[in-house]
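> this is the structure alone, sequence omitted:
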C-alpha cells in the first residue's frame, strides 16, 4: 500500500528541537530532524496519529463530508450559555469583560425557562446550560432559581439537563456544591506566586488565598 504525508502536518522548531503537529488529529511528536520518512516499523504509528494517509485519500473532501454530515444530522442536544453577570470579585488584568452592572434578572430567567420548555417540546432531548460571567456565583439567587426550574421541567418531560459553570472558585460553599451539583466545573489558575500577583490585582485573590480555592476543589472531588 502506498502512503503520503498528511496535508495537515505542521512542522515547527522549539528550543532547538523539531516537532510535528497534525491539525486534524491533534497529534504532536518530536522529530529527530526537520521532517520524517515513511518507513517501517513506524507506519502504524504514523497512520494512527494522522501524519500519513493512504495515497488515494482526499483529506479535504473527507473533512467537508464530516462537516456536512454534522450540519444535516438532526440535533437532539441544545447548548446555551447564560451570562449571569459581568461583575467579578477578582480583577484579572487580562479580563475582557466590561464589568457592566447589569445582571441576568428573574424576568430574564423566566423567559429562558419558558423557551427551554418549548424547545423540549420541539424535539430536543438534552439541555446543556453553561453558567458564565464575570463571576456567575455573584448572581447566585438567579443561578439557583434557573437550576431548580431546569431540573423540574426536565424531570416532568423526561428529558436530560446538564449544568456547567465557569468560576474562579472563591465563592463555592458546601451547600452550593450539594444543592446544585454541577456536572462540570471550569476553574482557572495563573501559575506560581510571581505570575499570580502580576495577573491579579485584587487583594481578595492573593496567592495565599488560592489555598481556599484548592480546598473547594477537594470538596468537589469528594
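Thanks, I have the structure now. Computed from a prediction, not measured in an experiment: that's the story for all the values here. Numbers count the residues shown, from 1 in each chain.
> which residues in this protein form strands?
Per DSSP state E, the chain carries strands over the ranges 3-5, 9-14, 17-22, 28-31, 52-54, 77-83, 126-132, 160-166, 184-186.
> in TSV: the ones you listed, plus distance to residue 99 and mean pLDDT.
Heads up, the C-betas are built off the backbone N, CA and C, glycines and all. Shown next, in TSV, are those (distance: least, CB to CB, whole Å; pLDDT from 0 to 100):
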stretch	distance to residue 99	mean pLDDT
strand 3-5	49	95
strand 9-14	37	94
strand 17-22	37	95
strand 28-31	38	94
strand 52-54	49	95
strand 77-83	13	91
strand 126-132	15	94
strand 160-166	16	94
strand 184-186	20	91
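> in CSV, list those along with distance to residue 117 and mean neighbour count.
Supplementary listing: the strands of the chain in CSV, determined by distance: least, CB to CB, whole Å; neighbours: other CB atoms under 10 Å:
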stretch, distance to residue 117, mean neighbour count
strand 3-5, 52, 15
strand 9-14, 46, 12
strand 17-22, 43, 16
strand 28-31, 44, 12
strand 52-54, 47, 17
strand 77-83, 12, 14
strand 126-132, 10, 20
strand 160-166, 12, 18
strand 184-186, 23, 13
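> what about residue 21, distance to residue 13?
Separation of residue 21 from residue 13 (CB to CB, to the nearest Å): 12 Å.
> ignore what I typed, I meant residue 67.
On the measure of CB to CB, residue 67 and residue 13 end up 32 Å apart.
> just residue 136 next, same as before
Residue 136 sits at a distance of 41 Å from residue 13 (criterion: CB to CB).
> please apply the same query to residue 4.
Residue 4 is 23 Å from residue 13, by CB to CB.
> may I have the beta-bridge partners of the residue nearest the centre of the chain?
The residue lying closest to the centre of the chain (CA atoms, centre = their mean) is residue 186, at 7.4 Å. Beta bridges link residue 186 to residue 166 when assigned by DSSP bridges.
> and residue 167, what does it touch?
The contact partners of residue 167, by CB atoms under 8 Å, 6 or more residues apart in numbering, come to 133, 135, 136, 137, 185, 186, 187.
> please read the previous query as pertaining to residue 140.
Contact analysis of residue 140 by CB under 8 Å, 6+ apart lists 171, 176.
> any idea how far it is from residue 117?
In terms of CB to CB, residue 140 sits 23 Å off from residue 117.
> likewise for residue 92?
With CB to CB as the criterion, residue 92 and residue 117 are 36 Å apart.
> equivalent analysis for residue 175, please.
For residue 175, the distance to residue 117 - CB to CB - is 27 Å.
> neighbour count: the two, which is higher?
residue 117 (19 against 8; other CB atoms under 10 Å).
> please name the nearest non-neighbouring residue to the more buried one.
Nearest non-adjacent residue to residue 117, counting by CB to CB, 6 or more residues apart in numbering: residue 153, 5.2 Å away.
> now do the contacts for that neighbour.
Going by CB under 8 Å, 6+ apart, the list of residues near residue 153 reads 113, 116, 117, 120, 159.
> quick one: which of the residues you listed has the most company?
residue 116 (23 neighbours).
> is it correct that that one is in contact with residue 128?
No: at 10.9 Å, residue 116 and residue 128 do not qualify as touching, with contact defined as CB atoms under 8 Å.
> and stretch 118-137, end to end?
27 Å (CA to CA, to the nearest Å).
> oops, could you answer that again for stretch 122-138 instead?
Stretch 122-138: ends 33 Å apart by CA to CA.
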